[in-house]
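In: Fold the stuff below for me.
(2 chains)
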Amino acid sequence: MTRDSSPAPILEVRALTRRFGGVVALDGLDLAVRPGTVTALIGPNGAGKSTAFQCVSGVIPPDGGQVLFQGRDITGWRPDRITGAGLVRSFQIARGIPRLTVLENLLLYGPAQPGEGVISAILRPAAMRAREEALRERAKAVAARLNLTRVLDNQAAALSGGQKKLMEIGRALMAEPKLLLLDEPVAGVNPSLSAEIATHIGSLRDEGMTVLIVEHHMDFVASLCDPVIVMAEGRFLVQGSFAHVAADARVQEAYMGRRVHA
Amino acid sequence: MDAYLIAMLVFAGFYALMALGLNVIWGLTGMVNLGLVGFFALGAYASALLTTKLFWPMPLGWAAGAVVAAAAGAVMALIVARLRGDYLAIVTLGFAEVIRLTASNEIWLTNGTDGISGIPGPWRGDVSPPEFNLIYLGIVWTAVAVVFVLLARLSHSPFGRVLRAIREDEDVAAVAGKPVLWFKVRAFTIGAAVLGGAGALYAHYNAYIAPDGFAPLLTIYIVLALTAGGVGAMRGAIIGALFVIALLESTRFLSAIIPGVSPVQKAALREGAIALSLILLLRFRPQGLIPEKTRTKAFP
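Out: I've put the predicted structure just below:
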């Protein structure tokens, strides 16, 4: 798999930098995600994967560099604008809104609801009710797809760990993403649910969505993701199929540490 | 006794309005506001000054009180956009004190600590004082009812859903595609408008306002009312206001029936009884008298 034969990337990150005090989390990161792929972003702890997600999704601003989504420069945009453009992320530790129900958590991510204006909220015009009904139908479809139908009316706080992970994906789907950023979707999830989540993500790709995943479970990455991008010390290291990057000496070195030459 | 009861119910209405206003800002959106008495004071002074100095009609004065407080609320929301929790509490508390000290010192405008007297009241002078109280009781609780209906609709709408999400986790609300600051500004503006309107109504009931009437203690009472009633639930705000007024007033009589204590001890007993009731309530019903409930159901 070569990078040359690919169509224009849906996401391109150029020379992205971000420091936290004296710690350089991102040190000129370059990467590109091709449309229609499930791409993995892996690397040892502290490589800067989560920071890259934070900067790309607008939750924290980068110090320098560029983020291009569908060819448009979205560097430094607010998260709500980035979501509106079609780039939606999930959170690593499932951050359901605990006191809202699963249905409300899903509805929250629904775009273009006129009832989010004060006047419409009070007067409840037909447009608002119709939109709410459409969003409910979609929320139910998303829930059915992710096996969350039974818990739709439960508070998010009452979900199991695995269900929270599924809801995290479901919420992002409600925002109609073109590119879905999943931050450790199977961390702490049992193997059978992990396989189920892999199936869900695979079918999203088959429907034309692009997915970028940060994950530490290598079985999951190997079975689902192609290509795999490896980063280390805040930079791009290597990209290719899982077998290709796993065999790369630099990757082994990044994960295992350098051999000390006496 | 009747007159006393009616006066207390009028005050319960002011408390209920303030608790409703605070509920939008703090209960729904999660922005701590320990400066609510400042917005209450702004509304009171705006309406009092406009009706006594410029002879505006009372309803216009009330509306102006709400608008002035709302404008201050919008500015406040922008200033504190990045603050949360304790820091928000400090800034808002400071705001209320600034309003009170300004009212004490800008004598050319506010008559300083002497306050403004002779604020007109509806049909005051034309009717007997008990009748005036009854009329005002009707006005205040009509206002409570209207505000309650409007805010309950807001709360159980997609707008309210976003406010709750911001309260629980701002980052998630932003990633959900919601412009968080714009929602906060609107919530603060609406809440401050209600607080200002309550202040305006208070000024015209009391006929007299002075900076002393807007001490931080009032803020604490309203925060207690909302905590007791149930944070986030609009019905809880009203029940909580009635509860706090009942608590404040009934303990007056409680200490009178206990024999063999000095007046100083009675005052201490009263405050102890108030504190104990609230501690017991929060121990055994931390969600408040009326817990926040959601009405969005997938399977009704």
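
In: Going by C-alpha atoms from here, please, whenever you check contacts or count neighbours.
Out: Noted.

In: buried sites along stretch B:82-98?
Out: B:Leu88, B:Ala89, B:Val91, B:Thr92, B:Leu93, B:Phe95, B:Ala96, B:Glu97 (16 or more other CA atoms under 10 Å in any protein chain shown).

In: Run the contact check for that stretch versus chain A.
Out: No. Figure legend: stretch B:82-98 not in contact with chain A (CA under 8 Å from any CA of the partner chain); closest approach 13.5 Å.

In: CA atoms only: put the worst-scoring helix or strand of chain B on mean pLDDT into PDB for me.
Out: Ranked by mean pLDDT, DSSP states H and E, the weakest helix or strand in chain B is helix B:263-284, scoring a mean of 83. What follows is helix B:263-284, C-alpha atoms only, in PDB (Å, rounded to 0.1, in the frame of the first residue of the first chain):
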ATOM      1  CA  PRO B 263     -33.600  36.800  73.900                       C
ATOM      2  CA  VAL B 264     -30.100  36.300  72.700                       C
ATOM      3  CA  GLN B 265     -30.400  32.500  73.200                       C
ATOM      4  CA  LYS B 266     -33.700  32.600  71.300                       C
ATOM      5  CA  ALA B 267     -32.100  34.200  68.300                       C
ATOM      6  CA  ALA B 268     -29.300  31.600  68.400                       C
ATOM      7  CA  LEU B 269     -31.900  28.800  68.800                       C
ATOM      8  CA  ARG B 270     -33.700  30.100  65.800                       C
ATOM      9  CA  GLU B 271     -30.600  30.100  63.600                       C
ATOM     10  CA  GLY B 272     -29.700  26.700  64.900                       C
ATOM     11  CA  ALA B 273     -33.100  25.300  64.000                       C
ATOM     12  CA  ILE B 274     -32.800  26.700  60.500                       C
ATOM     13  CA  ALA B 275     -29.400  25.200  60.000                       C
ATOM     14  CA  LEU B 276     -30.500  21.800  61.500                       C
ATOM     15  CA  SER B 277     -33.500  21.600  59.200                       C
ATOM     16  CA  LEU B 278     -31.400  22.200  56.100                       C
ATOM     17  CA  ILE B 279     -28.700  19.800  57.200                       C
ATOM     18  CA  LEU B 280     -31.300  17.100  57.800                       C
ATOM     19  CA  LEU B 281     -33.000  17.800  54.500                       C
ATOM     20  CA  LEU B 282     -29.700  17.500  52.600                       C
ATOM     21  CA  ARG B 283     -28.600  14.400  54.500                       C
ATOM     22  CA  PHE B 284     -31.800  12.500  53.900                       C
END
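
In: Go ahead and name everything in contact with that helix.
Out: Residues from elsewhere that reach helix B:263-284 (CA atoms under 8 Å, 6 or more residues apart in numbering or on different chains): B:Ala228, B:Leu247, B:Leu248, B:Thr251, B:Arg252, B:Leu254, B:Ser255, B:Ala256, B:Gly288.

In: so of the buried residues of stretch B:82-98, which ones are in strands?
Out: Among those, no residue falls in strands (DSSP state E).

In: in a helix, that's where B:Gly138 is, yeah?
Out: Yes. B:Gly138 sits within a helix when classified using DSSP: H, G, I helix; E, B strand; the rest coil.

In: Give me the below-cutoff pLDDT ranges for the stretch 151-262 of chain A.
Out: Residues of the stretch 151-262 of chain A meeting the criterion pLDDT under 70: A:258-262.

In: The one residue in it that gets nearest to chain B in helix, strand or coil?
Out: Of all residues in the stretch 151-262 of chain A, the one sitting closest to chain B is A:Asp153 (6.0 Å; CA to the nearest CA). Recorded secondary structure, A:Asp153: coil (three-state DSSP).

In: Check which residues of the least confident helix or strand of chain B are buried.
Out: Using 16+ other CA under 10 Å as the test for burial, helix B:263-284 gives B:Lys266, B:Ala267, B:Leu269, B:Arg270, B:Glu271, B:Ala273, B:Ile274, B:Leu278, B:Leu281.

In: Contacts for stretch A:171-187 next, please.
Out: Here stretch A:171-187 has contacts from A:10, A:50, A:53, A:83-84, A:86-92, A:105-111, A:138-139, A:142, A:165, A:169, A:194, A:197, A:209-217, B:176-177, using CA under 8 Å, 6+ apart.

In: any chance you could map the helices in chain A?
Out: Remark: helices assigned in chain A by DSSP state H are A:49-56, A:79-85, A:102-108, A:118-123, A:126-145, A:161-174, A:191-206, A:218-224, A:242-246, A:249-256.

In: closest to B:Phe11 out of the ones you listed?
Out: With CA to CA as the criterion, B:Phe11 lies closest to helix A:118-123 of the helices of chain A, at 27.5 Å.

In: Which secondary structure elements does the closest one sit against?
Out: For helix A:118-123, the packing partners by 3 or more CA pairs under 8 Å, 6 or more residues apart in numbering or on different chains; DSSP states H and E come out as helix B:129-155, helix B:158-168.

In: mind listing the helices for chain B?
Out: Going by DSSP H, chain B shows helices at B:2-22, B:36-52, B:58-79, B:85-105, B:107-110, B:129-155, B:158-168, B:170-175, B:180-206, B:216-229, B:234-257, B:263-284.

In: Which residues of chain B lie near chain A?
Out: Neighbours of chain A within chain B, by CA under 8 Å from any CA: B:150, B:153-154, B:157-162, B:164-165, B:168-169, B:171-179, B:294, B:296-299.

In: Spatially central residue in the chain, please.
Out: Using chain A. Closest to where the C-alpha atoms of chain A average out (CA atoms, centre = their mean) is A:Leu181, at 1.5 Å.

In: Just give the nearest non-adjacent residue to that residue, would you?
Out: A:Arg89 (4.3 Å; CA to CA, 6 or more residues apart in numbering or on different chains).

In: Equivalent analysis for B:Ala228, please.
Out: B:Gly288 is the one closest to B:Ala228 (CA to CA, 6+ apart), at 4.9 Å.

In: cool, and A:Asp206?
Out: Closest to A:Asp206 by CA to CA, 6+ apart is A:Gly36, at 7.8 Å.

In: And for residue 106, the neighbour number?
Out: Unless you meant another one, I'm taking chain A. Residues lying near A:Leu106 (other CA atoms under 10 Å in any protein chain shown) number 29.

In: Chain B is the one I meant
Out: Per other CA under 10 Å, the neighbour tally for B:Glu106 reads 12.

In: pretty sure it is touching B:Thr113, no?
Out: No. Assessed by CA atoms under 8 Å, B:Glu106 is found out of contact with B:Thr113, at 9.5 Å.

In: still on that earlier bit, what remains of the residues of chain B next to chain A if I keep only buried residues?
Out: Buried, going by 16+ other CA under 10 Å: B:153-154, B:157-162, B:164-165, B:168-169, B:171-179, B:294, B:296, B:298, out of the residues of chain B next to chain A.

In: Run a quick neighbour tally on B:Met76.
Out: Neighbours of B:Met76 using other CA under 10 Å come to 18.

In: My error: substitute A:Ser223 in the last question.
Out: Look at A:Ser223: counted by other CA under 10 Å, it has 11 neighbours.

In: Please consider this matter closed, and thank you.
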